[in-house]
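Student: model this:
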Amino acid sequence: RDGKSAGATVASGEIENLLDCIRCCSKMERKHTIVLLQPTNHKATRTYMDYETVTSAMEGICRMFEKKLKDLNPTLKNITYEISDLYNFIDSYPDMYALVLENDAYTPYAKDWIKKRIYNVLRKQAS
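Tutor: I've put the predicted structure just below:
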């Protein structure tokens, strides 16, 4: 094997993964979503956010992170961040789940799923 054919195989696999993700996301898009949050280890801090779609829920998590950045840096007019900063923010929560309405029942999804969906939403916004 030469390096070029191996690279083409990887690229093809990545394209298939992206297409699968797009198909999944388009189906998920219109589904009512509840984000369950626990910002500290104290159970009394449990709360939730209610959204009409998966995309709006993921955007809500991003806005929550951006608000925290603004609160921490009130004198900065423009704040930029990397996706890894957003992932660290999500990981800082002891609990964060998305409940997505599917077939008349809510399916829970954990942080890894949320991160993938946020990545896809941000990628779509950037294009």
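Student: all strands of the chain, in order?
Tutor: 33-38, 47-51, 95-102, 105-109 (DSSP state E).
Student: Serialize these to CSV and add fields for mean neighbour count and mean pLDDT.
Tutor: Yep, even glycine has a C-beta here, placed from its N, CA and C like the rest. Conversion of the strands of the chain to CSV gives the following (neighbours: other CB atoms under 10 Å; pLDDT from 0 to 100):
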stretch, mean neighbour count, mean pLDDT
strand 33-38, 18, 96
strand 47-51, 14, 96
strand 95-102, 18, 96
strand 105-109, 13, 96
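Student: make a markdown table out of those strands and add distance to Asp85.
Tutor: Listed next are these as a markdown table, based on distance: least, CB to CB, whole Å:
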| stretch | distance to Asp85 |
| --- | --- |
| strand 33-38 | 18 |
| strand 47-51 | 20 |
| strand 95-102 | 16 |
| strand 105-109 | 21 |
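Student: the bottom helix or strand of the protein by mean pLDDT?
Tutor: In the chain, the helix or strand scored least confidently by mean pLDDT, DSSP states H and E is helix 3-28, which has a mean of 50.
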